[in-house]
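Peer 1: Sharing a model that was predicted from the sequence below.
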Amino acid sequence: METHACYLTYKGYCLECQDEGGLLHGRIAGIRDMVTFHGQTPPELQRAFEEAVDDYLAVCGEACLVPDTAGA
C-alpha cells in the first residue's frame, strides 16, 4: 500500500514520500518541476531530500531562473 505524506521540510520545501517495497521514493512537493530522489532508510531519504533541494536551488541560480516555491 502506498502512502503519501509531507515527511519533513527543508528551506521551505516539503518532502513527499512513498514506501514501495522497502525503498523510500521522495519528491519535492508543491512545485511544478519534478525533483525526485530515494533512500533505503529515513535518514538516507532526508539526506537525499536536502541534497536535492540544494541542487535544485543551485541549478535555478546558475540558469538565472526563479525557483518555484511550495504553493506557487
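Peer 2: On my side now, so go ahead.
Peer 1: CA atoms for contacts and neighbours, from now on please.
Peer 2: Fine.
Peer 1: quick one, helices of the protein?
Peer 2: Along the chain, the segments classed as helices by DSSP state H run 42-62.
Peer 1: what ranges of it fall below the confidence cut-off?
Peer 2: Applying pLDDT under 70 to the chain flags residues 1-5, 71-72.
Peer 1: center of it, which residue is that?
Peer 2: Centre of the chain computed as the mean C-alpha position; nearest residue by CA atoms, centre = their mean is residue 28, 3.0 Å away.
Peer 1: could you measure that one against residue 65, distance?
Peer 2: Separation of residue 28 from residue 65 (CA to CA, to the nearest Å): 17 Å.
Peer 1: Tell me the bridge partners for residue 15.
Peer 2: Note on residue 15: beta-bridge partners residue 8, residue 28, judged by DSSP bridges.
Peer 1: since we're on residue 67, how many residues are nearby?
Peer 2: 16 (other CA atoms under 10 Å).
Peer 1: can you offset everything so residue one is 37?
Peer 2: All right, first residue 37 from here; so that's residue 103.
Peer 1: Skipping its backbone neighbours, what lies nearest it in space?
Peer 2: Excluding the flanking residues, the one nearest residue 103 by CA to CA, 6 or more residues apart in numbering is residue 96, at 5.8 Å.
Peer 1: Let me know whether that neighbour touches residue 104 as I believe.
Peer 2: No. Counting by CA atoms under 8 Å, residue 96 stays clear of residue 104, with 9.2 Å between them.
Peer 1: Could you pull up the contacting residues of the closest residue to residue 61 other than its chain neighbours?
Peer 2: Distance criterion CA to CA, 6+ apart; nearest residue to residue 61, sequence neighbours excluded, is residue 74 at 4.4 Å. Listed by CA atoms under 8 Å, 6 or more residues apart in numbering, the contact set of residue 74 reads 59, 60, 61, 62, 80, 81, 84.
Peer 1: Same check on residue 105?
Peer 2: Taking CA under 8 Å, 6+ apart, one finds 48, 49, 66, 67 in contact with residue 105.
Peer 1: Which PyMOL command selects the buried ones in the residues you listed?
Peer 2: Buried subset of the contacts of residue 105, written as a PyMOL selection, criterion 16 or more other CA atoms under 10 Å:
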select buried, resi 49+66+67
